[in-house]
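**Q** please work out how this folds:
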Amino acid sequence: MSSTADPLAPLGKLPGVQDSVESVRKAVDRIYGHRVMRRRSSEVTAEAALRGARGSAALEGADWALEEMRRRTDFGEEGEPRTVGAALRATAESGQLLDVWRQSPLRVLARLHLVVAGGDASDETVGRPRLAGEPVREPEPGVGEVPAAEDVAVRLDGLAQFVVAGSEAPALVVASVVHGELATLRPFGSYNGLVARAAERIVLVASGLDPKSICPAEAGHAELGREQYTMALAAYASGTPEGMAAWIGHCGRAAELGARETTAVCEALQRGAA
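**A** Predicted structure coming up:
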């Protein structure tokens with residue numbers, strides 16, 4: 001596949017991107033080599049999913065402790081409980097959509113939105129991109145004006161085309177672009193951040209970089225902080241080579257921090273503390 005046919009291939013050659021790719025790969029390989037993974041990988045996967053959901057919800061303003069997420073059951077209530085519940089559902093659903101992603105990414109995105117927004121938006125807007133004149137009912141993520149629905153439709157089609165066609169670009173690059181496109185386009189009327197981060201997770205798993213879904217990049221994004229997240233998204237939205245490289249580097253750091261979080265989980269399991 002030539003770089004002309006593969007629009008993401010040149011991104012892998014931007015300054016600093018290859019270093020980020022290699023650093024993430026080493027971090028992921030280290031955690032997969034941990035002795036706990038040979039015996040208790042299902043427990044590690046479950047804990048990583050919880051921590052990923054916690055991180056994604058925190059970026060939406062619902063910054064709960066893990067203990068509270070384990071204890072609470074009122075995820076249908078307005079406000080933070082509903083946001084946390086949506087994040088938990090998005091993380092759980094993403095694992096069920098891996099086989100569909102490469103064939104029909106837009107179908108996966110619609111399903112993710114249906115899962116996270118079900119019961120919290122009008123039926124006609126759930127599970128489909130917004131139409132002309134429909135608002136985005138969520139806090140502004142600090143990346144400029146909301147794009148017009150017509151422009152969103154064109155760019156979503158472009159995103160779907162490169163996912164289906166495949167790319168020679170590293171998994172980190174593909175995941176970063178999918179995340180960045182969805183978070184800046186805001187294609188749905190609500191919960192775009194949760195959908196974007198769940199899609200990033202799907203790419204990292206489906207690509208084979210993190211096949212057991214044990215390196216929650218969402219937790220890393222939250223650890224880096226909302227301010228850094230929005231600044232990095234703004235860099236992506238600029239469309240410049242420097243901005244794209246900065247966003248990919250940010251996503252790489254988030255993935256590494258997710259791997260570090262899971263390393264702590266493995267060490268706690270090894271000590272019998274978790």
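**Q** quick one: the helices in the stretch 1-150 of the chain?
**A** Counting by DSSP state H, counting those that start in this stretch, one finds helices in the stretch 1-150 of the chain at the ranges 17-32, 37-59, 66-71, 80-94, 98-101, 105-117, 149-165.
**Q** which of those sits closest to L269?
**A** L269 sits nearest to helix 37-59 of all the helices of the stretch 1-150 of the chain, at 5.8 Å, using CB to CB. Just so you know, the C-beta spots here come from the backbone N, C-alpha and C atoms, and that holds for glycine as well.
**Q** who does the closest one touch, helix- and strand-wise?
**A** helix 66-71, helix 80-94, helix 192-206, helix 217-224, helix 241-271 (3 or more CB pairs under 8 Å, 6 or more residues apart in numbering; DSSP states H and E).
**Q** of all residues in the chain, which one is nearest the centre?
**A** What sits nearest the mean C-alpha location of the chain, by CA atoms, centre = their mean, is R197, with 2.0 Å.
**Q** and the gap between that residue and L59?
**A** Here R197 is placed at a distance of 7 Å from L59 (CB to CB, to the nearest Å).
**Q** between these two, which contacts overlap?
**A** 218, 221 (CB atoms under 8 Å, 6 or more residues apart in numbering).
**Q** just to revisit the earlier point, closest one to A132 among the helices of the stretch 1-150 of the chain?
**A** helix 149-165 (4.6 Å).
**Q** after that closest one comes which helix or strand?
**A** helix 171-185 (DSSP states H and E).
**Q** pLDDT of that following helix, averaged?
**A** Mean pLDDT, helix 171-185: 97.
**Q** got it, and stretch 24-33?
**A** The model assigns stretch 24-33 a mean pLDDT of 97.
**Q** next one: stretch 192-210
**A** Mean predicted lDDT for stretch 192-210 stands at 97.
**Q** in that stretch, which residues are buried?
**A** Using 16 or more other CB atoms under 10 Å as the burial criterion, the residues of stretch 192-210 that qualify are 192-207, 209-210.
**Q** mean neighbour count added to the helices of the stretch 1-150 of the chain, as a markdown table?
**A** Output for the helices of the stretch 1-150 of the chain, formatted as a markdown table (neighbours: other CB atoms under 10 Å):
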| stretch | mean neighbour count |
| --- | --- |
| helix 17-32 | 18 |
| helix 37-59 | 21 |
| helix 66-71 | 11 |
| helix 80-94 | 23 |
| helix 98-101 | 15 |
| helix 105-117 | 22 |
| helix 149-165 | 15 |
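**Q** got phi/psi on G166?
**A** phi 80, psi 170 (degrees, to the nearest 10).
**Q** and it, how far from V44?
**A** From G166 to V44 the distance is 29 Å (CB to CB).
**Q** and the residue nearest to the centre of the chain, what does it touch?
**A** 56, 59, 90, 179, 183, 217-218, 221.
**Q** so which of the residues you listed is the closest to A5?
**A** Using CB to CB, the contacts of R197 come closest to A5 at H179, 22.6 Å.
**Q** just confirm that closest one contacts C251, I think it does.
**A** Yes - using CB atoms under 8 Å, H179 is in contact with C251, at 6.5 Å.
**Q** who's more crowded, those two?
**A** H179 (30 against 27; other CB atoms under 10 Å).
**Q** who touches the more buried one in this structure?
**A** H179 neighbours (CB under 8 Å, 6+ apart): 196-197, 199-200, 251.
**Q** with G12 instead?
**A** 18, 21, 168-170, 173.
**Q** appreciated, that's everything.
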